[in-house]
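[1] kindly return the folded structure for what I paste below:
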Amino acid sequence: MTQSEPYKPKNKIRIVTAASLFDGHDAAINIMRRIIQSTGVEVIHLGHDRSVEEVVNTAIQEDANAIAMTSYQGGHNEYFKYMYDLLKEKGASHIKIFGGGGGVILPEEIKELMDYGITRIYSPDDGRQLGLQGMINDLVEQSDTSDKLTFPKDKKINGELKEKDVNTIARLITIAENEHERFDEIFQSNNTVKNDEVSPVVLGITGTGGAGKSSLVDELVRRFLIDFPEKTIGIISVDPSKRKTGGALLGDRIRMNAINSPRVYMRSLATRQSNLALSKHVNEAIDVLKAAEYDLIILETSGIGQSDTEIIEHSDVSLYVMTPEFGAATQLEKIDMLDFADLVAINKFDKRGSLDALRDVKKQYMRNNHLWDTPQDQLPVYGTIASQFNDPGMNALYRAVMDKISEKTESKLNSHFKGTNELSEKIFIIPPARTRYLSEIAENNRAYDKTALQQVEVAQNLYAIYKTLESVSGIMLSLSKHGIEDKGLRQAQTDTETDTNKDLIKMLIAEFDRVKLNLDPLNWETIKGWSDKVNRYQEPVYKFEVRGKEIKIETHTESLSHLQIPKVALPKYKAWGDLLKWNLQENVPGEFPYTAGLYPFKRTGEDPTRMFAGEGGPERTNRRFHYVSMGLPAKRLSTAFDSVTLYGNDPDYRPDIYGKIGNAGVSICCLDDAKKLYSGFNLADKMTSVSMTINGPAPMLLGFFMNAAIDQQCEIYIKDNGLENEVEKTLKEFYGDSERPQYYGEIPEGNNGLGLMLLGITGDKVLSPEVYEKIKHDTITQVRGTVQADILKEDQAQNTCIFSTEFALRLMGDVQEYFIENKVRNFYSVSISGYHIAEAGANPISQLAFTLSNGFTYVEYYLSRGMDIDKFGPNLSFFFSNGIDPEYAVIGRVARRIWSKALKNKYGANSRAQMLKYHIQTSGRSLHAQEIDFNDIRTTLQALYAIYDNCNSLHTNAYDEAITTPTEESVRRAMAIQLIINKELGLAKNENPIQGAFIIEELTDLVEEAVLLEFDRITERGGVLGAMETMYQRSKIQEESLYYETLKHNGEFPIIGVNTFLSSKGSPTIQPKEVIRATEEEKQLQIKTLKNLHEAFNTDEILENLQERAIKNENIFEALMEVCKVCSLGQITNALFEVGGQYRRNM
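    Purely as a prediction, here's the structure:
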């Protein structure tokens, strides 16, 4: 790869950057936008999950030269073509389109897209040949065009401005920036006279950098659009230019959700000069928006210093935004804007000292403006939390802003918005008094370890005295509950021939009793009971209880050489200190601290294999599930959803949605889809378990799943009681001549049709309420499985967030409360996931630390809601990635040990809650597109790590997943890896094979302490949520990813077949023989299913009831269980947006 010098642009270039719709992969576009900016370009960055319309509207409003997109989630053909067509339709075909998607976009697709008109799609080979800077140079050079080419000198603009023609407005502002004289000539010659009936008002918003101005502007805009349904708003947002390169990051749009409205125009300007908060062309930009007759114009500056008041010269009403963290009160005297601002917002009012800050700022404002007689509560200073949905402080500020506009101007913007006198109050996920919870856990666990070492020392001294007693007396002594057996001691003293020995024995007994006072009685019981424990494992059959049921397990297996191989091998230690240390830090599987595993023995008849599937419509994935589980007694189904579903949307013919339906996952948008997906599998059977990889809309998918399981049992009841004819009659009455929902295509072998009888209707419509409620209760207490639902990890790594973080966490809590109240004991309400953290680039220690810290955050949140840890603890599960790094050999045992010590000693939880259950998946990041056959070798080693470490379930990736959706052949090979280890590998017959290895013990201690140190670092940043605000986790993940990629690139970290041991052909990137994508028929059938659902049910009332329950702070999931029967995923998502708020992206 060549290293290139940055290209030097000849013109001022503006480029919009984003990741495509329903695509959370933002790491690549973040790297690209940084390089584009450092090449001297003004970058308008939108972040991930952006629709074509959003991107195109932004590019036109910003008068961009080009759009640069990444697309890693499929649907790229439709997405890029739709973008090209929409630009053409909107009169902006001059805007160039660039894109990339790694190996996801195939060479023939690249050619097809570029032939269609896309300027360039970059391939992995382009990256290797040109390097990152070389690619960006090519992109910037092709975008380096003169503005004069696209705006004729004699163009008449007056009418177009009045009609708010966005192209004209955007082009005029660009000309004002680049050719000021030409702007005057065009603007003045077109008689842009102000309409007396329209008097646009300019609201100037300024403040310090990092005060949250963009979020605050977004919240003001949202309220304005609700308050004035017919009015329009224009926004000019200014960000600083880089003095060295001339580039600029125009990043305000990324934080704004409300601006995606036809009534809003936004333009980002770079200052194009250093040390100033405004562009020198702001006046012209305001004039253009005034001529276009926008009712309200917001001018937002970049971050300013204490003495900057430039905004006053350009605005009718001014708002100064600050934070509580301004230092001593005397600093306020230096802030000039407190002399001139009409209103002051103290944003981020959840920060410590905010009430004191509010008092001090009010006093300073009163002094500066001589308002001595004005009561403090009437001063125009407001505490706000703009990042919090429906914040009362923001409501009060908005009403005050509009009232001030009415007071100071002649505008007709008389607000009807209901303000409030309430102060902003942070809805705390974690109570402020508990923000040190992670360091408390670290201190707790270290204290346990310290105490354990002290106890080990005591036990070792006791053993020395004991052995000395035996040696002096010549008698084999035995142990009792309180010490050494009295009978043995008496005999020792009687049989001793000399007084000296008698005195020595007496002294030793006294010393033994004295030392034993320092030993915890439970530890004495451990020492005393060791021989009995050994004997239990040496017996042919081991007996233990699980939930009151006695389990019998054979303790040995026989090899082909007729040796008896123990399933659990115990240490041969004799010294009590060694035995106690092993019991306190390791112990046998099934006993605290669960280092070796959660249960005494592995479950027989159910290997930890999970069958992963998800592609096309529900019917295709159902067929795959039946294929991969054929002949296996346990059905452990793991479901991947398409990106449309992952983001809570419905299928649609709109091209940027249509292209993603059923690609890289299954399309599920309603209850009938869920019924078809899992048809033929009895979801209430103890040998069936279902895992759903879904996060943002997890409560809705869980509602679909639970109702599908309930209706399956209703079907069984209907058949058992001969009620089929009555059901058919009900269906005929409901649907009449309309087409009923059906399973499309051939039902696969093994599918007995369970779940299909009640398509289009639910059990409560055909059975009596008493019968239905009993079936419902029994079913939800029996279903086994997991829903991922880990929203903290999404914000830190994967980006499939759809709701505001607070609302998403509330939904998680509501699900858990529902589980407790309805005794749902076998289904995990969350799978706290490290897998996606690792896939985003984290090393194994960061993966483990961030995942456990997220888990403890959920514990603290659920406790703050009054839930019992013994009731919710067992509903928590974990999900890790397994690579080849040495730390992965111990990731499970360290996780179990940290969790159990904290849950037992810090939180006082019972043994069931102490058990950390986890699923593990081999690393997707270690799958390479070169020499793909070698991937199975890596996967086998990772699977071996996982099985030796006693994981609870395991998914092995297919070798070809680096280049395509896995085929049936590659999936079979992946499953064979696990089967060969579990069925053929001799050492795997033993269930604790890594216990006792010096390196494993050393690694365990090293990783455990490294995780606890990370807990302390997170605590320093205010706990998990505080660290997320400063993007600590995300930044660390990206740093570690870059470190790995650098070593991989320069060859310091050898990867066979990738950067060393290359084949004679140079190990080129392999192209897939078969590309698995959803078919046109499958996509259309999904849209048809959705259309039929919407036509069959009137959902207005039930959705309003859902919103009302959310507003009243009642349990939302309880309502969702009913809503999910008749509503589609997109309907529910949009209804909840209105009461819970949308996720706000971060830069």
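[2] mind listing what the residue positioned nearest the centre of the chain touches?
    Central residue of the chain (Cα atoms, centre = their mean): E794, 0.9 Å from the mean position. By Cβ atoms under 8 Å, 6 or more residues apart in numbering, the residues touching E794 are G24, N695, G696, T800, C801, H836. C-beta coordinates here come from the backbone N, C-alpha and C atoms, glycine included.
[3] tell me the SS of the fifth one?
    Secondary structure, DSSP: H, G, I helix; E, B strand; the rest coil: C801 is coil.
[4] what's the local residue count around it?
    23 (other Cβ atoms under 10 Å).
[5] what of the second one?
    Other residues within reach of N695 by the criterion other Cβ under 10 Å amount to 32.
[6] next one: the third one
    As a burial measure, the neighbour count of G696 was computed by other Cβ under 10 Å and equals 25.
[7] the nearest residue to it once chain neighbours are set aside and N1134, how far apart?
    Leaving aside its chain neighbours, G696 sits nearest to I802 (3.7 Å; criterion: Cβ to Cβ, 6 or more residues apart in numbering). The gap separating I802 from N1134 is 10 Å, by Cβ to Cβ, to the nearest Å.
[8] so which of the two has more stuff around it?
    I802 (22 against 14).
[9] so who does the more buried one touch?
    Each residue near I802 by Cβ under 8 Å, 6+ apart is listed here: Y647, G648, G696, P697, A808, T1133, Q1142, Y1143.
[10] surely N347 touches V321?
    Yes: N347 lies in contact with V321 (Cβ atoms under 8 Å); the separation is 5.5 Å.
[11] L249 in helix, strand or coil?
    Classified using three-state DSSP, L249 is strand.
[12] list the contacts of it.
    Neighbouring residues of L249 by Cβ under 8 Å, 6+ apart: R33, Q37, V43, H45, D239, M1147.
[13] that one and H45: what is the separation?
    6 Å.
[14] overlap of the contact sets of those two?
    Common contacts of L249 and H45 (Cβ under 8 Å, 6+ apart): R33, M1147.
[15] look up phi and psi at N992.
    N992 has phi and psi values of phi -140, psi 50 when expressed as degrees, to the nearest 10.
[16] that one contacts P571, correct?
    No: judged on Cβ under 8 Å, N992 makes no contact with P571 at a distance of 10.4 Å.
[17] of the two, who's got more company?
    Between N992 and P571, counting by other Cβ under 10 Å, N992 is the more crowded of the two (20 against 14).
[18] can you name the residues that contact the residue lying closest to that one once chain neighbours are set aside?
    Distance criterion Cβ to Cβ, 6+ apart; nearest residue to N992, sequence neighbours excluded, is A596 at 4.8 Å. Contacts here follow Cβ under 8 Å, 6+ apart; on that basis A596 touches E586, N587, V588, P589, R893, N950, N992, Q995.
[19] dihedrals phi and psi, A596?
    Per-residue torsions, A596: phi -90, psi -10 (degrees, to the nearest 10).
[20] any idea how far E1002 is from it?
    16 Å.
[21] quickly list the domain ranges of the chain.
    14-145, 194-408, 437-553, 616-780+1062-1147 (automatic domain parsing).
[22] would you mind measuring the gap between the ends of the first one?
    If I follow you right, that is domain 14-145. Counting by Cα to Cα, to the nearest Å, you get 10 Å between the two ends of domain 14-145.
[23] tell me how far that domain lies from the chain's centre.
    Centre-to-centre, domain 14-145 and its host chain are 25 Å apart (Cα atoms, centre = their mean, to the nearest Å).
[24] from the contacts of I802, pick the one nearest V456.
    A808 (44.9 Å; Cβ to Cβ).
[25] so which strand or helix has the closest one?
    According to DSSP states H and E, A808 maps onto helix 805-821.
[26] quick one: secondary structure of A640?
    A640 - assigned by three-state DSSP - is strand.
[27] adjust the sequence numbering to begin at 120 for everything that follows.
    Sounds good: first residue 120 from here, last item A759.
[28] ok, now how distant is the residue nearest to it when sequence neighbours are not counted from L875?
    Leaving aside its sequence neighbours, A759 sits nearest to G733 (Cβ to Cβ, 6+ apart; 3.0 Å). Look at G733 and L875: by Cβ to Cβ, they are 20 Å apart.
[29] now I894
    17 Å.
[30] again, but for G593
    To L875, G593 is 80 Å away according to Cβ to Cβ.
[31] neighbour-wise, which of those two wins?
    Neighbours per residue, other Cβ under 10 Å: of G593 and L875, the larger number sits with L875, 20 against 10.
[32] next SSE after the helix or strand where S333 lies?
    Element membership for S333 (DSSP H and E) is helix 332-346. Note on helix 332-346: by DSSP H and E, the next helix or strand toward the C-terminus is strand 352-358.
[33] same for that next one, what does it pack against?
    Packed against strand 352-358 by the contact rule (3 or more Cβ pairs under 8 Å, 6 or more residues apart in numbering; DSSP states H and E) you find helix 332-346, strand 367-369, strand 383-389, helix 401-410, strand 415-419.
[34] I'd like the ones you listed laid out as TSV, including distance to A1021 and mean pLDDT.
    TSV is the format used below for those (distance: least, Cβ to Cβ, whole Å; pLDDT from 0 to 100):
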stretch	distance to A1021	mean pLDDT
helix 332-346	35	96
strand 367-369	41	94
strand 383-389	47	97
helix 401-410	55	94
strand 415-419	45	97
